[in-house]
Each structure stands twice: as structure tokens, then as C-alpha cells.
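# All I have is the shape, not the residue letters:
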């Protein structure tokens, strides 16, 4: 699955951590200056999960990936300029907003350890 957005590339956040199945594993620029982001369903043992073949499930996760990218991109500039303490606060805001606005994301999908890895 993939989502096409006219936003910046993966940037400073290294958006592989965003809560989609297996994280974002693809990002590429389009000819018109947009970006395509994607995730794959070919991890070890994925073939045993029937949900990964359900187009509604995949579409919902693709839409949430787009929402999460939009949320993270709102904070990217502030995050880059912030010191470590403020980066942690910003990362927590990103996490909270993603959990609130993305129906497929659960609290445990974005762990505090993942956020700390972004900050330090």
C-alpha cells in the first residue's frame, strides 16, 4: 500500500517509526515534487495473517499512515530546532495526537522507547 502526499521527505524524524504495519518502508519523490510513502506486508510470517490480504484493513492503515505523516510534519521544524528536553515534549505531542486521530493506532504502537530514540 502507499499514500501520495505533497509533503516533505522523511526528514529529521526518520518516519519509519510511524505506526503502520512494520513502519514506513518506502519513501520516494514524484515527478511533480510530491512524495509517496509506503509500508509492506512481506515480513516474516506475514503470509499467515489474513488481515494483510483484506483491502479494507490495508486501506484503513494506509489512510492512518497519511494522517500520521501529516501530524508529524506539523512538528518537524520545531523538533529540529529544539533542545533535547523540548524534543521529548514535542515527541510526546506527536505521539498523543497520532493515537487520538488514527483509528488503527493503539497506545502501545508508539512506545516511549521509540520516542526517546527520536530525541537522543
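All right, it came through fine. Since the structure is predicted, the reported quantities are computational estimates derived from the model, not experimental observations. Residues are numbered from 1 along each chain as shown.

# what ranges of the protein fall below the confidence cut-off?
Across the chain, the ranges flagged by pLDDT under 70 are 1-17, 107-120.

# Could I get the contacting residues of the residue nearest the centre of it?
Taking C-alpha atoms, centre = their mean, the centroid of the chain lies closest to residue 18, which sits 2.5 Å from it. Contact analysis of residue 18 by C-beta atoms under 8 Å, 6 or more residues apart in numbering lists 24, 65, 68, 69, 72, 98. No exception for glycine: its C-beta is placed from N, CA and C like everyone else's.

# Show the backbone phi and psi for residue 26.
phi -140, psi 140 (degrees, to the nearest 10).

# Tell me which of the contacts of residue 18 fall in helices.
65, 68, 69, 72, 98 (DSSP state H).

# before we move on, back to that, gap between the residue nearest to the centre of the chain and residue 100?
15 Å (C-beta to C-beta, to the nearest Å).

# Which of the ones in helices among the contacts of residue 18 sits closest to residue 45?
residue 65 (21.1 Å; C-beta to C-beta).

# would residue 27 count as being in a helix?
No: Residue 27 is assigned strand when assessed by DSSP: H, G, I helix; E, B strand; the rest coil, not a helix.

# My read is that it contacts residue 35, right?
Yes: look at residue 27 against residue 35 with C-beta atoms under 8 Å: they come within range, at 6.2 Å.

# roughly how far apart are the residue in the chain sticking out farthest from the centre and residue 67?
Distance from the C-alpha centroid of the chain peaks at residue 48, with 23.9 Å (C-alpha atoms, centre = their mean). Residue 48 sits 28 Å away from residue 67, taking C-beta to C-beta as the criterion.

# what do you get for residue 51?
Distance check for residue 51 against residue 67: by C-beta to C-beta, it reads 19 Å.

# of the two, who's got more company?
Higher neighbour count among residue 51 and residue 67: residue 67, with 18 against 12, using other C-beta atoms under 10 Å.
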